[in-house]
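**Student:** how would this look folded up:
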Amino acid sequence: MTKEEILVALRAVLNEVQVAQGLDSPPMADTAVPKEVLPKFDSTIWPVATIWLGKALKIDIPKDVHIFGGKDGGRLLTLSETAELVLRKATPLAAIAHAAE
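**Tutor:** Residues are numbered from 1 along each chain as shown. Coordinates of the predicted model:
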């Protein structure tokens, strides 16, 4: 999995989240912070987007990894930073299934 593959999936998931809420989903540059660009995209929606991204990429994103940033008042992450974080922290589901055998 590459950063570009994650970015493609991330954009698709963010679009799905917005469409599911009946909201606009403007195009976003890699430097965009989703909360600043997407209407009503806040910390109540982030877990859903994280789960959908994991399913789209067939990866496990640990529950303690806040892929959009903002944990404990920290700064929010750009799309590029989110993709890099996912690349570092996620585990392919196939690897998890194999390890459980």
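
**Student:** please, where are all the strands along the protein?
**Tutor:** Along the chain, counting by DSSP state E, strands occupy 59-60, 91-92.

**Student:** name the helices or strands packed onto the last one?
**Tutor:** Read it as strand 91-92. strand 59-60 (3 or more C-beta pairs under 8 Å, 6 or more residues apart in numbering; DSSP states H and E). To be clear about C-beta, it is placed using only N, CA and C from the backbone, and glycine gets the same treatment.

**Student:** quick one: strands adjacent to the strand it packs on?
**Tutor:** strand 91-92 (antiparallel) (DSSP bridges).

**Student:** what residues does the partner strand touch?
**Tutor:** M1, K58, I59, D60 (C-beta atoms under 8 Å, 6 or more residues apart in numbering).

**Student:** burial of the second one, as a residue count?
**Tutor:** This means K58. 12 (other C-beta atoms under 10 Å).

**Student:** that one and L93 touch, don't they?
**Tutor:** Yes - the pair K58 / L93 is scored as a contact, 5.0 Å apart, by C-beta atoms under 8 Å.

**Student:** out of the contacts of strand 91-92, which is nearest to D72?
**Tutor:** Distance ranking of the contacts of strand 91-92 against D72, using C-beta to C-beta, places D60 first at 22.9 Å.

**Student:** which residues touch the residue nearest to I45 when sequence neighbours are not counted?
**Tutor:** Leaving aside its sequence neighbours, I45 sits nearest to V17 (C-beta to C-beta, 6 or more residues apart in numbering; 6.1 Å). Each residue near V17 by C-beta under 8 Å, 6+ apart is listed here: L38, F41, I45, V48, A49, W52.
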